[in-house]
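Q: sequence-free structure coming up:
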């Protein structure tokens, strides 16, 4: 049986890796992103242009999806990081971070839970970050990702009775455009981060996709409300992502 999963921010980076893995595992994947896939026409997912900061744009995207099969999988992956110290954090940056990283996942979940309840099956995976444990220059980002982890636990409790699981992945440093933008390779701090990873390397989108795929598996129905660090061990070490 082919099931449909929505993955936000799947045009590049971690999201693109997740979409490709889920497609390989037999899911029909829909990518909600404001930009088209980074590698041109991506056969692993159907792209619907969506501004995740705009509730009306999200609603319109789910109206399109509703014309097809029910959605029984959701990966809230899209996110932004606007670095700044506490003193330098602007209210506009803070609010935009919350709109995309925290409000959009809630709206996406609200849009799919009726389908999941009707099917008696659902898998929701939210992408948080190791940074919610603490990292300098990440007031807004860490707050939003901590909120994602907290919402996941609430949803897991509320939705378990319907056969829906809700779990969270907290990536460590992953080699993506977003990481490079926030952590330029010529910054000593970037080399320090890599040096604190016990695995001795940055992670890859495939590393995160494997964790997501495990939670999304039909056989994972008794794994619920969990937070998995996919971080090369950095959550156990000094420093952080």
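A: It's in. Owing to the predicted nature of the structure, the values given are computational and were not obtained by experimental measurement.
Q: Residues contacting the lowest-mean-pLDDT helix or strand in the chain, please?
A: The weakest-scoring helix or strand in the chain, judged by mean pLDDT, DSSP states H and E, is helix 177-182 (a mean of 74). With Cβ atoms under 8 Å, 6 or more residues apart in numbering as the test, helix 177-182 has contacts from 12, 13, 79, 80, 81, 83, 173, 202, 241. Yep, even glycine has a C-beta here, placed from its N, CA and C like the rest.
Q: mind checking pLDDT for the closest residue in space to the first one that isn't next to it in sequence?
A: It refers to residue 12. Closest residue in space to residue 12, ignoring its immediate chain neighbours: residue 38 at 3.7 Å, by Cβ to Cβ, 6 or more residues apart in numbering. For residue 38, the model assigns a pLDDT of 76.
Q: Residue 38 - how many residues pack around it?
A: Residue 38: 14 surrounding residues under other Cβ atoms under 10 Å.
Q: OK, contacts around residue 109?
A: Listed by Cβ under 8 Å, 6+ apart, the contact partners of residue 109 are 74, 76, 124, 155.
Q: how about the first one, secondary structure?
A: Reducing the assignment at residue 74 to three states with DSSP: H, G, I helix; E, B strand; the rest coil gives strand.
Q: and it, what is it in contact with?
A: Counting by Cβ under 8 Å, 6+ apart, the residues that residue 74 touches are 5, 6, 7, 108, 109, 112, 122, 123, 124, 125.
Q: what's around residue 150, how many residues?
A: 15.
Q: Let me know the helix or strand that it is in.
A: helix 139-159 (DSSP states H and E).
Q: After that helix, which helix or strand is next? Please name it.
A: For helix 139-159, the succeeding helix or strand toward the C-terminus, using DSSP H and E, is strand 164-171.
Q: and that following strand, what does it pack onto?
A: helix 104-119, strand 122-127, helix 139-159, helix 205-216, strand 227-230 (3 or more Cβ pairs under 8 Å, 6 or more residues apart in numbering; DSSP states H and E).
Q: again, 6 Å this time
A: Counting contacts by 3 or more Cβ pairs under 6 Å, 6 or more residues apart in numbering; DSSP states H and E, strand 164-171 packs against strand 122-127, helix 139-159, helix 205-216, strand 227-230.
Q: Could you dump those into CSV with distance to residue 180 added?
A: Shown next, in CSV, are the helices and strands packed on strand 164-171 (distance: least, Cβ to Cβ, whole Å):
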stretch, distance to residue 180
strand 122-127, 18
helix 139-159, 15
helix 205-216, 13
strand 227-230, 19
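Q: Return the most buried member of these.
A: Most buried of the helices and strands packed on strand 164-171, by mean neighbour count (mean count of other Cβ atoms under 10 Å): strand 122-127, with a mean of 27.
Q: Show residues contacting that one.
A: 72-77, 105, 116, 148, 152, 164-169, 212, 215-216 (Cβ atoms under 6 Å, 6 or more residues apart in numbering).
Q: and the angle from that strand to strand 164-171?
A: 20 degrees (axes from the mean of the first three to the mean of the last three Cα atoms, to 10 degrees).
Q: Give me the distance between strand 122-127 and the centre of its chain.
A: With Cα atoms, centre = their mean, to the nearest Å as the basis, the distance from the averaged C-alpha position of strand 122-127 to the chain average is 9 Å.
Q: Backbone dihedrals for the residue nearest in space to the middle of the chain, both of them.
A: Using Cα atoms, centre = their mean, the residue of the chain that lies closest to the mean C-alpha position is residue 77, 2.0 Å off. The phi/psi pair for residue 77 (degrees, to the nearest 10) reads phi -100, psi -30.
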